[in-house]
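# turn this into a model:
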Amino acid sequence: MKLNETKRTLAGKNAAELQTELEALLKEQFGLRMQGATQQLTNTSKLKDVRRGIARVRTLLWQRNRSGEAGAAPRAKGHS
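Okay, here's the model as predicted:
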């Protein structure tokens, strides 16, 4: 699947579906790391793709949570 198609499919999912996707990607990453540790991983670029997929899903979840807080009191710059 191409990158733009992946972004579109992720953008069309709700928060619960994104959370499920994140869990699946984290499990896949764990499996790939175990394969790498036992010298069974043949396609090392798959690990990078999964890591980036995790980042995409986490970014979408963060953005949606952040936009939901729009009515909350604004934070001071530089402070958490």
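# in the helix or strand of the chain with the lowest mean pLDDT, what counts as buried?
Least confident helix or strand, the chain: helix 3-11 with a mean of 80, by mean pLDDT, DSSP states H and E. The neighbour-count check on helix 3-11 (16 or more other CB atoms under 10 Å) flags Leu10 as buried. From N, CA and C alone the C-beta is placed, and that goes for glycine too.
# check stretch 29-42 too.
Gln29, Leu32, Gln35.
# ignoring the adjacent residues along the chain, who's closest to the first one?
Right, Gln29. Excluding its sequence neighbours, the residue lying closest to Gln29 (CB to CB, 6 or more residues apart in numbering) is Val50, at 4.9 Å.
# list the contacts of the helix or strand hosting the one you found.
Per DSSP states H and E: Val50 is located in helix 45-68. By CB atoms under 8 Å, 6 or more residues apart in numbering, the surrounding residues in contact with helix 45-68 are 6-7, 10-11, 15, 18-19, 21-22, 25-26, 28-29, 32-33, 36, 41.
# CA-only coordinates of the helix or strand that Glu23 is a member of in PDB, if you can.
Using DSSP H and E, Glu23 falls within helix 15-37. C-alpha atoms of helix 15-37 as PDB (Å, rounded to 0.1, in the frame of the first residue of the first chain):
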ATOM      1  CA  ALA A  15     -10.000   6.600  18.100                       C
ATOM      2  CA  ALA A  16     -11.000   3.000  19.000                       C
ATOM      3  CA  GLU A  17      -9.900   1.700  15.600                       C
ATOM      4  CA  LEU A  18      -6.700   3.600  15.800                       C
ATOM      5  CA  GLN A  19      -6.000   2.200  19.300                       C
ATOM      6  CA  THR A  20      -6.600  -1.300  17.900                       C
ATOM      7  CA  GLU A  21      -4.300  -0.600  15.000                       C
ATOM      8  CA  LEU A  22      -1.600   0.700  17.400                       C
ATOM      9  CA  GLU A  23      -1.800  -2.500  19.500                       C
ATOM     10  CA  ALA A  24      -1.400  -4.600  16.300                       C
ATOM     11  CA  LEU A  25       1.600  -2.600  15.200                       C
ATOM     12  CA  LEU A  26       3.200  -2.900  18.600                       C
ATOM     13  CA  LYS A  27       2.700  -6.600  18.600                       C
ATOM     14  CA  GLU A  28       4.200  -6.800  15.100                       C
ATOM     15  CA  GLN A  29       7.200  -4.700  16.200                       C
ATOM     16  CA  PHE A  30       7.800  -7.000  19.100                       C
ATOM     17  CA  GLY A  31       7.700 -10.100  16.800                       C
ATOM     18  CA  LEU A  32      10.100  -8.500  14.400                       C
ATOM     19  CA  ARG A  33      12.500  -7.500  17.200                       C
ATOM     20  CA  MET A  34      12.400 -11.100  18.400                       C
ATOM     21  CA  GLN A  35      13.100 -12.400  14.900                       C
ATOM     22  CA  GLY A  36      16.000  -9.900  14.700                       C
ATOM     23  CA  ALA A  37      17.400 -11.100  18.000                       C
END
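# no further questions, thank you.
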